[in-house]
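Visitor: Provided below for reference: sequence and predicted model.
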Amino acid sequence: MDAPRGVFDNEEAATGESGMGATIIDGKAFAAKVRGQVAEHVARLKAAHGLTPGLAVVLVGEDPASEVYVRSKGKQTVEAGMASFEHRLAADTSEADLLALIDRLNADPQVHGILVQLPLPKHLNAELVINRIDPAKDVDGFHISNVGLLGTGQKSMVPCTPLGCLMMLRDLHGRLAGMEAVVVGRSNIVGKPMAQLLLGDSCTVTIAHSRTKDLGAVCRRADILVAAVGRPGMIPGDWVKPGATVIDVGINRVEKAGKQVLVGDVDFDSCAKVAGAITPVPGGVGPMTIACLLANTLTAACRANGLNEPEGLTA
Ligand code: NDP
């Protein structure tokens, strides 16, 4: 989930060298590069195979933040040369109608990826709906089959935000094998899949959460520290090992000097003094999420047609 654009005072924050010691990882530039790679691959698929990858996004109700996300996903899908199919359903849509739409999308050969925008209205069972999606088209990687495949180290569709974090880490470090990684947060959409991906790259992984004792000491062990909590600035600089890479997944809306701004889970100023590299908020992990959604749609289209997967765009 990236933040809706044009809402927060600091969303265009510049990235680059921090002047504080740490390299600032420019997620906006990295995401643009990934989108460019996707677009190039899509152009080759069209030319060589007459294949246009297609992404269907389903939005139920009128949540303003979800509206912005869906618009942004549709726009970036088209910019990458892929087909975008938007399905906007009324807030009181029945579960049966939503499941029937998913069945139709599962059967549609022009649709390679299906994303149901969360959260769903309360009367709909999100687990049931997500698990109705064909796992091969589950570009969010939330289907229970994909969760199981990732957990057992098999080829799967990988959740977009952790995939984006992994791409940034590989780009920075090359091989991650043997590194000590700490993931703070154990949600199904970020913390757990992030930990699985780092384990898949042979890191030594610790997952911390709200019951972890002496979280500061646990974090100080990390060569790679991933924060996915949802608490503004909760990780201070003295929890960071000198030279560590800090990936801040948190997106928190706070008020500063009477304005709404976005901040991460990491106290950026104190952590940037100690870390070797750090992602800012905004402009770090956020932009990678939609870029990885496009990458997953491309991967799904290649797999569905028995073609080679795009290199460097999968786990
Ligand atoms: P969840 O609320 O689902 O999970 C939060 C996790 O943080 C839980 O595992 C919880 O532990 C843990 N936690 C809460 N308080 C503490 C604490 N004091 N110390 C240690 N751990 C704690 O959040 P998500 O994983 O969905 O999202 C996390 C953040 O990432 C949010 O800010 C969200 O907005 C952002 N996000 C950003 C995305 C992006 O594109 N950049 C995409 C998705 C999310 P426990 O399990 O014990 O309760």
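Guide: That came in fine, so what should we check first? Keep in mind the model is a prediction, meaning the values are calculated, not measured.
Visitor: nearest residue to the middle of the chain?
Guide: Thr161 (1.5 Å; CA atoms, centre = their mean).
Visitor: okay, the helix or strand hosting that one in CSV with CA atoms only?
Guide: According to DSSP states H and E, Thr161 maps onto helix 160-173. Taking C-alpha atoms only, helix 160-173 is exported to CSV below (Å, rounded to 0.1, in the frame of the first residue of the first chain):
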residue,chain,number,x,y,z
CYS,A,160,4.3,-7.0,-2.8
THR,A,161,5.6,-4.9,0.1
PRO,A,162,8.1,-7.6,1.4
LEU,A,163,9.1,-8.4,-2.2
GLY,A,164,10.0,-4.7,-2.7
CYS,A,165,12.0,-4.7,0.5
LEU,A,166,13.9,-7.8,-0.6
MET,A,167,14.7,-6.3,-4.0
MET,A,168,16.1,-3.2,-2.3
LEU,A,169,18.2,-5.3,0.0
ARG,A,170,19.6,-7.4,-2.8
ASP,A,171,20.4,-4.3,-4.8
LEU,A,172,22.3,-2.9,-1.9
HIS,A,173,24.1,-6.0,-0.6
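Visitor: contacting residues around that helix?
Guide: Outside helix 160-173, the residues that touch it by CB atoms under 8 Å, 6 or more residues apart in numbering are 1, 25, 27, 30-31, 34, 139-141, 176, 179, 189-190, 193-194, 197-198, 201, 224, 226, 228, 245, 247, 249, 277, 279, 285, 288-293, 295-296, 312-315. In this view, the C-beta of every residue, glycine as well, is placed from N, C-alpha and C.
Visitor: now that helix: average pLDDT?
Guide: When pLDDT is averaged over helix 160-173, the result is 98.
Visitor: please apply the same query to stretch 244-257.
Guide: Averaging pLDDT along stretch 244-257 gives 96.
Visitor: phi, psi of the closest residue to Gly164 other than its chain neighbours?
Guide: Using CB to CB, 6 or more residues apart in numbering and skipping the chain neighbours, the partner closest in space to Gly164 is Met288 (2.8 Å). Met288 has phi and psi values of phi -70, psi -20 when expressed as degrees, to the nearest 10.
Visitor: which ones are touching Met288?
Guide: Contacts of Met288 (CB under 8 Å, 6+ apart): Gly27, Phe30, Ala31, Val34, Cys160, Thr161, Leu163, Gly164, Cys165, Met167, Met168.
Visitor: what helices and strands are in contact with the lengthiest helix in the chain?
Guide: When the chain is parsed with DSSP state H, its longest helix is helix 27-49. Helix 27-49 sits against helix 64-79, helix 160-173, helix 286-304, with contacts defined as 3 or more CB pairs under 8 Å, 6 or more residues apart in numbering; DSSP states H and E.
Visitor: quick one: the second one near the ligand?
Guide: Yes: using CB under 6 Å from any ligand atom, we find that helix 160-173 touches the ligand at Thr161.
Visitor: immediately after that helix, which helix or strand?
Guide: On the C-terminal side of helix 160-173, the closest following helix or strand by DSSP H and E is strand 180-184.
Visitor: Ile24 reaches Ile278, doesn't it?
Guide: Yes: contact criterion CB atoms under 8 Å: Ile24 and Ile278 qualify, at 6.2 Å.
Visitor: who's more crowded, the two?
Guide: Taking other CB atoms under 10 Å, Ile24 and Ile278 do not tie; Ile278 has more neighbours (28 against 22).
Visitor: distance check, that one against the ligand.
Guide: Noted for Ile278: a distance of 14 Å to the ligand, by CB to the nearest ligand atom, to the nearest Å.
Visitor: go on, Gly283?
Guide: Separation of Gly283 from the ligand (CB to the nearest ligand atom): 11 Å.
Visitor: confirm for me that that residue is in contact with Ala31.
Guide: No: if you go by CB under 8 Å, Gly283 and Ala31 don't touch, sitting 9.5 Å apart.
Visitor: okay, those two: which has more neighbours?
Guide: Neighbours per residue, other CB under 10 Å: of Gly283 and Ala31, the larger number sits with Ala31, 26 against 22.
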